[in-house]
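Asks: Structure, please.
(2 chains)
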Amino acid sequence: MPWSNGLNWIFRGKAMHPALSVIIFTTFSGMGYGLFIWLCGNILNETAPDNMSIVVSSALSIILVGTGLLSSTLHLGHPERAWRAFSQWRSSWLSREGVMSILTFIPMFFICWQTYFELEFGNLIKPVAIAGIVGSIGTIFTTSMIYASLRSIPAWHNVWVVIGYQTYALSSGGVAYIMFSNWQQYLYVILLLIISLIVKIMTWISIDKNRGKYKREDALGLPDFGKAKPFEPAHSQKNYLQREMGYDLDPMRRTLMRWIALGFGFIIPALLLFIGFPLVPVIMLICLIGMLAERWLFFAEAEHVVRLYYDRESV
Amino acid sequence: MTCLPDKTDKKLGLLIDLNVCVGCHACAVNCKEWNTSSITGPMEDIKPYGDDPSGVWYNRIHSYEFKKEKEADRTVYFPKSCLHCDDAPCVTVCPTGASLKRSEDGIVLVNPDVCIGCKLCSWACPYGAREYDTSAGVMQKCTLCVDKIYDKNIPQERRVPSCVSTCPAGARHFGDFADPKSNVSILAAENDGRDLFSEMKTKPVNKYLPPRKRERHEDRRLTPKVSTVKDALVKWAKLDFSG
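Replies: Presented below is the predicted three-dimensional model:
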């Protein structure tokens, strides 16, 4: 067992090349939007904690989302052109995500700013909180649709991916929100952690059952000529496609990472909240590690159908 | 604009006859040669003379061995490049408008001045038709030699993609699939022209002619008869004359 390789062993092989920046982006921004949804919910039912907590929690969600967005530009070939990504919202989920995330900053900054300076705008904060919830859910939805819309990656072309992105954002954001809400709703957060756990397991059941749906002969358009196997390789060295989409996830590593994702992401935070563990930032950190493992797996487990032209009989 | 056109006036594309292709890679080589000095070039070559060369190719020649019950095995050479799909998922996912499908002829192109290199289009393509240029930081793909097929300085009969003009076997044909009377439409209709991976619902324009069906279906491989003196003696000893 290659444990001696340590982290290198854990992060070496992957199916879809999971750019670290994209993993950090989706995890951090998910937590940020989740946190903001909890805050807006509490503003709406008027159980929001003191002003300082509102300021700090909305600021934290801005920092989480902002860090995520900045990090997402790091894997681009031309980060200086990133502004162009706001233009194609009519067809592209990635572009829609960009637009939605910028729009959602408006209620985030508004609530932070208004509460910090204790400004009075009548009851304006409530419609803004509704806009915040809609914007956050919308942004998470567009993020999930970037992946769920890709038919070429069967593990992502799945409704559980869309459901999961919402519940993981709410559960991880809920853990973060406990810090500010004096444990008012820790039972709801535990409930969401359990829902997320179930959704994650359902997702894995679904993608494991659907594996092998597409055959190499379908990809070649020759299903009636028997069984095809590669003869001479098309090129002597690995090309971009194989480097980006052609790695295998070691089954043992998958099991390990699945347990880390479940344990750190949902089970341990839920138990710690249940026993009233006082250091909430530690729970948040544990949850974040679990979510990073979950997101790493999300990329590492996803197999692209282009592998049918290379080393896979079925995907 | 990354919305797909409702309809393209022409559907320019390739028809590849798998029964004729001999797997010589000439189409891939000439593709690289033309396009590296054309509008989308240079095509990246990293360590071309080293132990681990890599780079961008618009066209790759795979080959497969097909095994079927009661039939002799067959080898199929399988050139694969962009299929210029009608419902091209690589175009709609593009956030910047760098990917586009032209409404006049249906050619799918990348504008390298606008591409941000997010690679999402290469994830969306089920065929692996797009390759990332690490030096330029942008995505690259087959242009159907758009700078050659419309070049008025070239004699009319030579205005075809490089892979087509160079193919020594005549396995590659170029034409307009929107016109039912075009060479490629007729060839595809008469010879069971196939789509690659129709399950992906991309409606590819390029078509592939499958290998011809065999008239004789029995396995014609010869099984060598191993017969030694010892075997013969044993048979006689057993008085067994079968086989």
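Asks: and residue 203, what does it touch?
Replies: In the absence of a named chain, this looks at chain A. Contacts here follow CB atoms under 8 Å, 6 or more residues apart in numbering or on different chains; on that basis A:T203 touches A:N158, A:W160, A:V161, A:G164. (Glycine included, C-beta is placed from N, CA and C.)
Asks: was after chain B, sorry
Replies: So B:K203 contacts B:C85, B:D86, B:D87, B:D195 (CB under 8 Å, 6+ apart).
Asks: Tell me how far it lies from B:D192.
Replies: B:K203 sits 18 Å away from B:D192, going by CB to CB, to the nearest Å.
Asks: Is the closest residue to chain A within chain B in a helix, a strand, or coil?
Replies: Going by CB to the nearest CB, chain A is nearest to B:G117 of chain B, at 2.0 Å. The local conformation at B:G117, judged by DSSP: H, G, I helix; E, B strand; the rest coil, is coil.
Asks: so it makes contact with A:H78?
Replies: Yes. Applying CB atoms under 8 Å, one finds B:G117 in contact with A:H78, separated by 5.3 Å.
Asks: residues shared between the contacts of those two?
Replies: Shared contacts of B:G117 and A:H78 (CB under 8 Å, 6+ apart): B:G137, B:V138.
Asks: just to revisit the earlier point, can you narrow the contacts of A:T203 to ones near chain B?
Replies: Among those, no residue is within reach of chain B (CB under 8 Å from any CB of the partner chain).
Asks: who does the residue nearest the centre of chain B bridge with?
Replies: The centre of chain B sits closest to B:K80, judged by CA atoms, centre = their mean, with a distance of 2.2 Å. Taking DSSP bridges as the rule, B:K80 bridges to B:R60.
Asks: Check B:L12 too.
Replies: In beta-bridge terms (that is, DSSP bridges), B:L12 pairs with B:D176.
Asks: can you pull the contacts of it?
Replies: The contact partners of B:L12, by CB under 8 Å, 6+ apart, come to B:H84, B:D105, B:G106, B:I107, B:L144, B:I149, B:F174, B:G175, B:D176, B:F177, B:V205.
Asks: The first one: neighbouring residues, count only.
Replies: Same thing as B:H84. Applying other CB atoms under 10 Å in any protein chain shown, we find 27 residues neighbouring B:H84.
Asks: The helix or strand where A:N42 lies packs against which elements?
Replies: Assigned by DSSP states H and E, A:N42 belongs to helix A:20-44. Secondary-structure packing of helix A:20-44 (3 or more CB pairs under 8 Å, 6 or more residues apart in numbering or on different chains; DSSP states H and E): helix A:51-72, helix A:93-116, helix A:125-148, helix A:159-181, helix A:280-300.
Asks: which one is whatever residue of chain A ends up closest to chain B nearest to, not counting chain neighbours?
Replies: Here the residue of chain A nearest chain B is A:G77; by CB to the nearest CB that distance is 2.0 Å. Spatial nearest neighbour of A:G77, excluding adjacent residues (CB to CB, 6 or more residues apart in numbering or on different chains): B:G117 at 2.0 Å.
Asks: measure the one you found to B:D133 for me?
Replies: Counting by CB to CB, the gap from B:G117 to B:D133 is 8 Å.
Asks: what do these two both touch?
Replies: B:M139.
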